[in-house]
Structure formats: structure tokens, C-alpha cells
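>>> Build me a model:
(chains A, B, C and D)
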2 protein chains.
Amino acid sequence: MTTKPTTIADLARIAGVSKSTVSRALNGSALIGVETRERIQALAGEHGFQMNAAAQRLSRGQSRVVGLNAKGKPDMFMLEMMSGITSGLHELGYELLVLQGDFDEPGWARGYVDSGRADGFVLLSAACTPKQISLLVESGVPFVLWGASSPKNEYSSVTGDSLTGGRIAAAHLLEIGRRHLAFVGGPTWAREVAERLEGFTEAHRLAGLEPDLAAIVHLPWSDAEAGAARAVQELLGRRPEIDGVVANSDRFAIGVMEGVRAAGKRVPEDVAVVGYDDIAIAAYTNPPLTTIRQDGPLAGRLLARTLVQRLETGAVTAVSIPAELIVRESA
Amino acid sequence: MTTKPTTIADLARIAGVSKSTVSRALNGSALIGVETRERIQALAGEHGFQMNAAAQRLSRGQSRVVGLNAKGKPDMFMLEMMSGITSGLHELGYELLVLQGDFDEPGWARGYVDSGRADGFVLLSAACTPKQISLLVESGVPFVLWGASSPKNEYSSVTGDSLTGGRIAAAHLLEIGRRHLAFVGGPTWAREVAERLEGFTEAHRLAGLEPDLAAIVHLPWSDAEAGAARAVQELLGRRPEIDGVVANSDRFAIGVMEGVRAAGKRVPEDVAVVGYDDIAIAAYTNPPLTTIRQDGPLAGRLLARTLVQRLETGAVTAVSIPAELIVRESA
DNA sequence: CCTCGCTTTGCAACCGGTTGCACCCAGCAG
DNA sequence: CTGCTGGGTGCAACCGGTTGCAAAGCGAGG
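Presented below is the predicted three-dimensional model:
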């Protein structure tokens, strides 16, 4: 066995053909004769040959890499999603770069694209404001957003069905006889929050009830547990009749349960709590959390596909994945 | 303003110098006259110019990208660490690629290096077996491992001080008067588990006690909470005198508390529990978890530095970060 | 005034792929 | 037998940086 071929030129020499032929053969071009192509592919396989990625990216002018800006509240759901994103991308021949960019600095994304370090981005709505998003749209950078679809179809998105999610969460509480529900959500500007709240309201309407507007609180994502605990304790002081809470995330829900106890009440006897996300520990909180489940890996996979589609065909799509109620003991 | 320069040739034309001069100036080479260099850098700044990464990687023969294999149990601590890794790498001019590679397939890492998609790797000991690690060492791929230092200095590592961590966890339980401690750990092959167990044993020795060998259980990483819950319930049946548990992670600890309750006992009155990691929700479990804290972002930052050092100087180093006891209510 | 040596700059060859275009050759119609 | 057609292949010019080496400019020493 000759010394390991490291460039297509080496491989070409071994195969007795030219560089271009090797390049075309390995890329599966139809220009090459079938048996030549197969012979070369087999040869490459034998030698464990891989083309140099940098050279390929340089001459193709695309990196087949997408960026994920992981700044912002890190949560377990995002991690689950990430595994889906990487495997989804992998299947499509792309890779995932984790970024440290600052969303506020305008043009951070363009920089990556222009310098050829990434072709597009996966963004998490919970980590960026509408303003930042519209800035991105303007800059013409391809991206897919998790958590909020584009009103005017300006960008691709994958969302959980937050409307349904919010509705079934509230509906469940109403069904088990609770009548005074609170909603503990993230910032008002977050679309997913608005949609869950809308579902929450809709559930009331369907049951012929009016939601208590004073029992709706919005909190920042940061310090979720502690913030929710404080807010709920205060809320229960103001509105002692509250007997059920829909939380915008399991992390909030954990804080909510804490706050309920701090107010001297019990979960679920006095106040039932429904979370959102079904993170890994949700089944092991005390009491185990009733929550809305979304399939993280599936979401990730869809994000990957949607973005790649956007990159390769320019098609802008909006997908949504279902929400499912998991009944445990907190409600 | 002329049209935006996209290559160093463009910039060279604008500046009235040659490509090489621009290249050297932007790379801060000492070969270039100070004022020329500054003039060109200023020019680049003005135009928001960035060099093409692919071209740079191609001609330099290195990618300034490192891979992280995220397969295996995803936990919150890893996510915290990741933020440290990315920012650490960022400061050093490197980027983080999230991989989907299968550790078992030999040569997966070589593939990345040979094709120039990554220069080195960050590995998590919890996600790979000793055999896989030695395979990597053989293949000559640069990497840094989190969680277990190399006995023969074959690779770089960053570790939590698991020995101390295990010791102070057990010591705390002994100090508050518990006398029959159990240890709930991960797989025996995981070095960090062995070290924590050693610390656990050492604490007993220092207190003039003998650990109960029958109260030491090893579980797979997967399904941490449920596995730990079952194991503890069973253990308490066998060894009703147990009044304290050191868990190998907070996720295990959450399961342990569940198991204790399932056995009809209370935390911490009957059985005190100490976790490990201080993940975000540890403060909000019921009761709030006493645990050993390691600084995830710091660990990540050190992983980044250590790996880059390995890449640029070839130096193999082993760092360890301190473990700190956080007393809450579970023990 | 000439030469030496140092600093600063440019030239051109490379890094390892991709791709437009020319070319070769076999097969077939005229 | 010649001319045409078209599939299969090779040549060489890119992609946009890096870098060894030659050379130009300039002050100082002989």
C-alpha cells in the first residue's frame, strides 16, 4: 500500500486520472462515466480519503456550517433541541457552530456569513428581541427561528404549538375543578408567551369563564425560579382565591411551587400547577410536575431541515410541532 | 464610499499596497512598518472588512476550530461548561463545533482533523470509556478531557477536584451526626466516580469510621433520576440504618430523594442527601439540595485554554478546579 | 562616493479543491 | 469514407488568503 493519499491529486495519481475527474467522481457528478466514478469512490473508501474541507469551502464559496447563538438563558430544553439540531444537520452534511456573538451588535451575523464561517443561523426566540430579529431580517442573513413564526413570512421558523399548549394547560386545570387561574409567563414581547396566554384565555372562553387579568404576570427569563417564587408569593397575597397556575416553563413552575409553599399553601391541594417543556427533572420535582411536553429532538431536527432548505432553495417555511399534556401530580 | 472590499486584494487596491502587505498588516506582523500597519487596520475597521475564513484555513493548514462531542447524557452542568468553552475559545480566536460523531467508530476524530474541520477536541469523560480514550491517544489527535486526568500524562485534562468533593460531601454528613452513609455513583469505570468514592472513604477514615461497602451503588448515567430512585428504595430496604447519602450528581440526588420518600422516609430528617454539581434547579428542589458546587463556566474556560495551549505549543497539562460545599436543606 | 546592512514592501508560488471549456474518440448517419 | 454528435476526460484558471525570497529605499560607516 502506497502512502496515504491526502489530496485529490494523490488520489488522481493512484487512479491514473486527473484531479477534476476525482473531484467530480467524489461529488457524484453525472459527467463522469459510471464505472470510473465507482472505481474512484471505492478507492477513496479503501484509503479512508476525505477531501479537505477548507479548500472545498473556499472554492465553493459556502461553508455548510450553521451557527447557533447560545447566549441567553440556557435551559434543558435547548440542550435537548441541540441534539436534534446536530443530528439533523449531520444527515444533511452540515455542521453546527456554537456562537458567542452579541445579538445587540448589529451585523454580528453578517460577519460570520461574509467571512464564510457560517451560511446561516438557528436562533432561539427566547434569546432575542423582536428588534434584533428585524435587524437580522434586514441584513439578509438566512436563519430559522425557534419559538415564533414570522407574521409576514420574512423568515423561516419552527414553533411549538403554543396556542394549543396554553389552552390544554388551562383547560386541564379547569377540568379538575379549579376556577381561579393565574398565568406566570416570560416577557410580553416573546411571541410564544403571548400565544400561550392566548390559549390560556381561549380555554376560559370555551369554559364560559373570564380570565382574571390581575392574575397574569410577566417575568424576565433570567433567574426564573427565584423570580417566579417571589411573584407567586406576592400574587397569592393579593389574590388568595387562586387555585391553579399555568407556568410558561418548567423552571417557572418549579419557582411557582416554591412560592406557593412559601405562602403557606400546598401543591396541588390548594394550588395546582402546570408547567411547560417537560424537562428531564420535571418527573422528579416534588410533587412531580404536570406539564406540557414538546419534543426537543424533533424540534431540533426540524430546525435543521428548515434552515438547510432555506439555504439551498431559498424557501421560507413555518413549521409547528404539537404540544401534549403530561399529567403527573402537581395538577 | 467605494464598494465594500471583500478580499484583501480589494483592500490592497484601496490602500495602494500589495496583498501581502495587507495580509501581514491585518495579522499584526512585525515585518510591516508601524504606520502602514495602523493605516491598513484602520481602513479595514472602517469598511468592516473581515478576511475569508476558508482561505485562511486553507493556506494556514489549520482551522482554529475545536470539536465537542455532545453525545451521551446531556446535563445542565455540561451546558454551563459549554458557555465557558465558547467564550474561552472566542477570546483565543477559536470556535466550537458541536459534533455528532460516534465515539465507537475508530478514527472519527482523525477524520475531522485530516479534513481540516477541527484542530482538536474537548471530551467529556462521562461520555466516553477508557478504551475510547486510549484509542484517541493512539490516533494522535489533540484533545482535552473533562473529568479525568491522564495517569501517564498522555493527554491534557481539566478536572473537578473530585477527591476533595467526595470527601467534603461525606464529611459534612458525618459532621451533622450521620453515621451510616451510602454512596450513589455512576459507572465504576468513570474516573471521577472512583475519585469521589475515594474521598467518601477518606472522610470515613479521617473520622475513624469504616464505610459500609454494601451501601455503595453504581448506576449507568442514563435515566439518572429513575435509576437512583429505584436503587435507593431497594437499598433502604436492605440497610434501614442508612441516614445519609452522597450522590454523584444532582440528578442522582433528585432520584435519591424520590427513593427515600418512596421508602416512607423523610429528607433530611431520616436520610440526609448531598448532591454534586449545583445545577440551576438544585436550589429549588424540595427540600433544596445541599450539594458540591463546581464552577461550570470556569471549567469551560480552562478547557478552552488548555486545549489551545496543547494545539499551539504541544504542552500537555492537567488542571483541576476546586469543589465547594453549598449547604441548603437536604443535609 | 561607494558599500554594507537593515527595514519595509512586492512578487509569485503555494494551500487543495471546483468548474468552464476544449478536446478526444466512438458510433452513426449521409 | 467523411462529418457530426455527444459522452467522458483533462487543462488550467479560479477561490482568497500566506509566506519565502528578492528587491527597493535609506542611513551610516569606510
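>>> Compute the distance between the residue nearest to A:Glu324 when sequence neighbours are not counted and B:Gly255, please.
Spatial nearest neighbour of A:Glu324, chain neighbours left out: A:Arg293 (4.8 Å); criterion: CB to CB, 6 or more residues apart in numbering or on different chains. Backbone N, C-alpha and C define where each C-beta goes, glycine included. Distance, A:Arg293 to B:Gly255, using CB to CB, to the nearest Å: 20 Å.
>>> buried stuff in the strand or helix carrying A:Ala171?
Using DSSP states H and E, A:Ala171 sits in helix A:162-175. Using 16 or more other CB atoms under 10 Å in any protein chain shown as the burial criterion, the residues of helix A:162-175 that qualify are A:162-174.
>>> Can I get that helix as PDB, trimmed to CA atoms?
Only the C-alpha atoms of helix A:162-175 are listed here, as PDB (Å, rounded to 0.1, in the frame of the first residue of the first chain):
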ATOM      1  CA  SER A 162     -48.100  27.400  22.000                       C
ATOM      2  CA  LEU A 163     -51.600  28.300  21.500                       C
ATOM      3  CA  THR A 164     -52.800  24.700  21.900                       C
ATOM      4  CA  GLY A 165     -50.300  24.200  24.700                       C
ATOM      5  CA  GLY A 166     -51.600  27.200  26.600                       C
ATOM      6  CA  ARG A 167     -55.100  26.100  26.000                       C
ATOM      7  CA  ILE A 168     -54.800  22.500  27.200                       C
ATOM      8  CA  ALA A 169     -52.800  23.500  30.200                       C
ATOM      9  CA  ALA A 170     -55.500  25.900  31.300                       C
ATOM     10  CA  ALA A 171     -58.300  23.500  30.200                       C
ATOM     11  CA  HIS A 172     -56.800  20.800  32.300                       C
ATOM     12  CA  LEU A 173     -56.900  23.000  35.400                       C
ATOM     13  CA  LEU A 174     -60.500  24.000  34.700                       C
ATOM     14  CA  GLU A 175     -61.500  20.400  34.200                       C
END
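>>> what helices or strands is that helix leaning on?
Applying 3 or more CB pairs under 8 Å, 6 or more residues apart in numbering or on different chains; DSSP states H and E, one finds that helix A:162-175 contacts strand A:181-185, helix A:191-206, strand A:244-247, strand A:272-277, strand A:290-293, strand A:324-326.
>>> go with 6 Å
helix A:191-206, strand A:244-247 (3 or more CB pairs under 6 Å, 6 or more residues apart in numbering or on different chains; DSSP states H and E).
>>> which bits of chain A sit near DNA strand C?
Applying CB under 7 Å from any atom of the strand, we find that chain A lies next to DNA strand C at A:6-9, A:19-20, A:23-24, A:26-27, A:51-52, A:55-56, A:58-60.
>>> Counting neighbours, go ahead and name the busier of A:Arg293 and B:Gly255.
When neighbours are counted by other CB atoms under 10 Å in any protein chain shown, A:Arg293 and B:Gly255 differ, and B:Gly255 comes out ahead with 28 against 18.
>>> Next, the angle from the helix holding A:Ala171 to strand A:181-185.
Between helix A:162-175 and strand A:181-185, the angle comes out at 150 degrees (axes from the mean of the first three to the mean of the last three CA atoms, to 10 degrees).
>>> Let's test this: mean pLDDT of helix A:162-175, rounded?
The predicted model gives helix A:162-175 an average pLDDT of 95.
>>> got the contact list for it?
A:181, A:192, A:195-196, A:198-200, A:202-203, A:207, A:244, A:246, A:272, A:274, A:292, A:323, A:325 (CB atoms under 6 Å, 6 or more residues apart in numbering or on different chains).
>>> and if you look at stretch A:286-293?
Against stretch A:286-293 from outside (CB under 6 Å, 6+ apart): A:165, A:169, A:250, A:253, A:274-276, A:278, A:282, A:323-331, B:286.
>>> now swap in stretch A:251-262 and tell me
A:184, A:224-225, A:228-229, A:232-233, A:245, A:247, A:267, A:271, A:273, A:275, A:285, A:289, B:281, B:284.
>>> would you turn the helices and strands packed on helix A:162-175 into CSV with distance to B:Gly237, mean neighbour count and mean pLDDT?
Below are the helices and strands packed on helix A:162-175 laid out as CSV (distance: least, CB to CB, whole Å; neighbours: other CB atoms under 10 Å in any protein chain shown; pLDDT from 0 to 100):
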stretch, distance to B:Gly237, mean neighbour count, mean pLDDT
helix A:191-206, 43, 20, 94
strand A:244-247, 36, 31, 96
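>>> could you dump those to TSV with distance to A:Ile40?
What follows is these, written out as TSV (distance: least, CB to CB, whole Å):
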stretch	distance to A:Ile40
helix A:191-206	50
strand A:244-247	58
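>>> out of those, which comes closest to B:Gly88?
helix A:191-206 (31.2 Å; CB to CB).
>>> tell me the angle that closest one makes with helix A:162-175.
40 degrees.
>>> leaving aside the residues next to it on the chain, what's closest to A:Pro211?
A:His204 (4.5 Å).
>>> any idea which helix is longest in chain A?
Among all segments of chain A classified by DSSP state H, the helix with the greatest residue count is helix A:296-313.
>>> Sheet-wise, list the partners of whatever helix or strand comes next after that one with their directions.
Moving toward the C-terminus from helix A:296-313, the first helix or strand encountered (DSSP H and E) is strand A:318-321. Paired strands of strand A:318-321, with direction, are strand A:156-160 (parallel) (DSSP bridges).
>>> The strand it pairs with: how far from the chain's middle?
Chain-centre distance of strand A:156-160: 8 Å, with CA atoms, centre = their mean, to the nearest Å.
>>> and the nearest residue to A:His47 once chain neighbours are set aside, how far is that from A:Gly140?
In space, A:His47 comes closest to A:Pro5 once its chain neighbours are excluded; the distance is 5.4 Å by CB to CB, 6+ apart. Separation of A:Pro5 from A:Gly140 (CB to CB): 40 Å.
>>> Looking at these two, which has the bigger crowd around it?
Counted by other CB under 10 Å, A:Pro5 and A:Gly140 do not tie: A:Pro5 has more neighbours, with 20 against 9.
>>> For DNA strand C, give me its nearest residue in the stretch 201-331 of chain A.
A:Glu312 (13.3 Å; CB to the nearest atom of the strand).
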